[in-house]
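Participant: Got a predicted structure plus its sequence, pasted below:
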Number of protein chains: 2
Amino acid sequence: MQAKALTLLTACALAAMFPTVSTSAERPTMAGVLEAATEADWRTPDPANLLILQLPGGRVIMELAPDFAPNVIENIRQLTRDNYYASNAIIRSQENYVAQWGDPDAETESPASIGKASATVEAEFYRSAKGLDVVRIDSRDAYADIVGFAGGFPVGMDADGSRVWLTHCYGAVGISRDNAANSGNGTSLYVITGHAPRHLDRNVVVIGRVLRGMELLTTLPRGTGDLGFYETAAEMLPVSWMKFAADLPLDERVNLQVFRTDTDAFKQLVEARRYRTEEWFVDPAGRIGLCNIPIPVREHSLE
Amino acid sequence: MQAKALTLLTACALAAMFPTVSTSAERPTMAGVLEAATEADWRTPDPANLLILQLPGGRVIMELAPDFAPNVIENIRQLTRDNYYASNAIIRSQENYVAQWGDPDAETESPASIGKASATVEAEFYRSAKGLDVVRIDSRDAYADIVGFAGGFPVGMDADGSRVWLTHCYGAVGISRDNAANSGNGTSLYVITGHAPRHLDRNVVVIGRVLRGMELLTTLPRGTGDLGFYETAAEMLPVSWMKFAADLPLDERVNLQVFRTDTDAFKQLVEARRYRTEEWFVDPAGRIGLCNIPIPVREHSLE
């Protein structure tokens, strides 16, 4: 989030310098774009926004987006510091939909028993576009009039550009809720593990996306109960803990970098995916879907 | 495929009788649509088009679409009768993309060694819309100008309605190929296990979709090689056999029915998914993506 003003300036300057590539000979592949990218095309996520779900088999690493869901994320921060999630488990794995974790006994527990965190949080389903740098993508989207990226996350917008929301692409992280809009408090989280269920956009608070470890969630046996909930405690994979990277000792943190979405290099990546020039393709689409655009993640050494 | 003329007539008559539902009070849920549906809204797939992949843990049941890929499907039929697939294995599981099976040693084998089946088959990436009953869906699609359903499968079409192709929605079944367009012969099949990679449309021959057993493929450990290929034979789940239901004894066949996509009930199902009226939703999308439309499948007793 630092150097935002500079970022904006840079993106605009680059956009002016690099008009849309128009001949296929000039079109790079994604591999070519990444090879040509510089250090400035990558960013190191703020450890305060990196949420780590520790499972027996490994870590699911998520980047959260406080620009979109500040209050829910603060509530989750409080819950992690109270070590709330250590007694949790994966309670649900529904084919082509979601994996979800939380307190397996939550239905019988009073929300008041979650310590210093709030039992209810005003719904953060969308936000004003004001003050947010949204890089728009030319894509005909089934669910939103305008789509693009903000701060590294795929977003949708109203036709008039007034509201912005995080979208339910594969790997999106959200908080489950009951029927009341403010009943999601971060005690139970889900990750999208199937074709983007974009009808959930603006109906649930999306808080970020998975950077690493999707396979730990997608390969879980599917729950046999309604909506993919597990029917017995024995079927549920226990959660070891969930914490923010910033709250861990330096040597236990996360050494990942994410490809920036507000650069000319990213624009080129989108075009490389729109027009696939790899030899295998016989009929490149010339089109791209928002949730089909990869946001590369790489390992890097902590200094 | 029988009674196609009648089906067309019925769909048209019903469409005239049931104009688009316009108030939310009248809008049913999908559960309501299915409850109100009659026997005529379901069809029993032709056993000659039901392909069964037998794995140690269960069956993946696919419905194939000879209206779109007759020659590839005939080649696969020949391969199944030669029991070609019995020595195969799942060779690839790539996160958010595909699971693929075939001969683990295929790279070193001559294509001539596949018995009576053809080593190459002219690519069936799309077909003429002529003579095909396509039910169009009102959806803004990122990859195709027109989308809809034909014979129970999600399809894309050119703006002028000339060509039709099967789309790579979640659960789509295709045949892998090398760079040559006609190099896919059905010896290796894949199933889409992630967000619809629609850029593959018209670049690979899609032959059908999975009706049951997706979880047998989606929960497989991901391959650690390039593109999710398994690196050792020990990692590969063996294929017990793959056969068409029509070639099995009656009591080993498949007792599934599929919701028809050319009926008024299906139109209502699409609308029920477009406008979700279930109490949980606070901001129904009023929009729908092609690959977000479920095609219900149910068990039924064989007569």
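Facilitator: Looks like it came in fine. Just so you know, these numbers come straight off a predicted model, no measurement behind them.

Participant: For the most centrally placed residue in chain A, list each beta-bridge partner.
Facilitator: The residue lying closest to the centre of chain A (Cα atoms, centre = their mean) is A:Arg209, at 1.6 Å. Legend: beta-bridge partners of A:Arg209 under DSSP bridges are A:Glu63, A:Ala172.

Participant: Assess the claim that it and A:Val155 are in contact.
Facilitator: No - taking contacts as Cβ atoms under 8 Å, A:Arg209 lies outside contact range of A:Val155: 11.3 Å. In this view, the C-beta of every residue, glycine as well, is placed from N, C-alpha and C.

Participant: by contact count, what packs against the strand or helix carrying A:Ile52?
Facilitator: Assessed by DSSP states H and E, A:Ile52 sits inside strand A:50-55. If contacts are counted by 3 or more Cβ pairs under 8 Å, 6 or more residues apart in numbering or on different chains; DSSP states H and E, strand A:50-55 sits against strand A:58-64, strand A:241-244.

Participant: can you list those in JSON lines and add mean neighbour count and distance to A:Val33?
Facilitator: Listed next are the helices and strands packed on strand A:50-55 as JSON lines, based on neighbours: other Cβ atoms under 10 Å in any protein chain shown; distance: least, Cβ to Cβ, whole Å:
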{"stretch": "strand A:58-64", "mean neighbour count": "21", "distance to A:Val33": "21"}
{"stretch": "strand A:241-244", "mean neighbour count": "20", "distance to A:Val33": "31"}
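
Participant: Let me have the ones you listed in JSON lines, extended by mean pLDDT.
Facilitator: Shown next, in JSON lines, are the helices and strands packed on strand A:50-55 (pLDDT from 0 to 100):
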{"stretch": "strand A:58-64", "mean pLDDT": "98"}
{"stretch": "strand A:241-244", "mean pLDDT": "98"}
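
Participant: so which of the ones you listed gets nearest A:Pro294?
Facilitator: Checking the helices and strands packed on strand A:50-55 against A:Pro294 by Cβ to Cβ gives strand A:58-64 as the closest, at 14.6 Å.

Participant: Tell me the gap between the closest one and the middle of its chain.
Facilitator: Distance, stretch centre to chain centre, for strand A:58-64: 10 Å (Cα atoms, centre = their mean, to the nearest Å).

Participant: Please enumerate the strands of the stretch 51-200 of chain A.
Facilitator: A:58-64, A:89-93, A:98-102, A:127-128, A:135-137, A:146-150, A:153-157, A:163-166, A:172-175, A:189-192 (DSSP state E, counting those that start in this stretch).

Participant: got the contact list for the shortest one?
Facilitator: In other words, strand A:127-128. The contact list for strand A:127-128 (Cβ atoms under 8 Å, 6 or more residues apart in numbering or on different chains) reads A:Asp67, A:Phe68, A:Ser162, A:Arg163, A:Val164, A:Trp165.

Participant: Give me the local confidence score for A:Ser87.
Facilitator: You'll see A:Ser87 listed with a pLDDT of 86.

Participant: how about the nearest residue to it, chain neighbours excluded?
Facilitator: A:Asp103 (6.8 Å; Cβ to Cβ, 6 or more residues apart in numbering or on different chains).

Participant: Ok, A:Leu51 next?
Facilitator: A:Met62 (4.5 Å).

Participant: give the contact list for the one you found.
Facilitator: Taking Cβ under 8 Å, 6+ apart as the test, what A:Met62 contacts is A:Leu50, A:Leu51, A:Ile52, A:Leu53, A:Val173, A:Val191, A:Gly208, A:Arg209, A:Val210, A:Leu211.

Participant: In TSV: those residues, plus pLDDT.
Facilitator: Output for the contacts of A:Met62, formatted as TSV (pLDDT from 0 to 100):
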residue	pLDDT
A:Leu50	98
A:Leu51	98
A:Ile52	98
A:Leu53	98
A:Val173	98
A:Val191	98
A:Gly208	98
A:Arg209	98
A:Val210	98
A:Leu211	98
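
Participant: Sort out which of the residues you listed are buried, if you could.
Facilitator: A:Leu50, A:Leu51, A:Ile52, A:Leu53, A:Val173, A:Val191, A:Gly208, A:Arg209, A:Val210, A:Leu211 (16 or more other Cβ atoms under 10 Å in any protein chain shown).

Participant: List just the nearest of the residues you listed to chain B.
Facilitator: A:Val210 (10.4 Å; Cβ to the nearest Cβ).

Participant: The closest one against A:Val191, yeah?
Facilitator: Yes - the criterion here is Cβ under 8 Å, and A:Val210 meets it with A:Val191 at 5.8 Å.

Participant: Any regions of the stretch 51-200 of chain A where pLDDT drops low?
Facilitator: A:107-113 (pLDDT under 70).

Participant: ok, which residues in it are in contact with chain B?
Facilitator: A:95-96, A:123, A:125, A:139-143, A:169-171, A:179, A:181, A:194-199 (Cβ under 8 Å from any Cβ of the partner chain).

Participant: which residues sit in contact with the residue of the stretch 201-303 of chain A found nearest chain B?
Facilitator: Closest to chain B within the stretch 201-303 of chain A is A:Gly289: 3.8 Å, counting by Cβ to the nearest Cβ. Under the criterion of Cβ under 8 Å, 6+ apart, the neighbours of A:Gly289 are A:Ser139, A:Asp141, B:Ala142, B:Tyr143, B:Ala196, B:Arg198.
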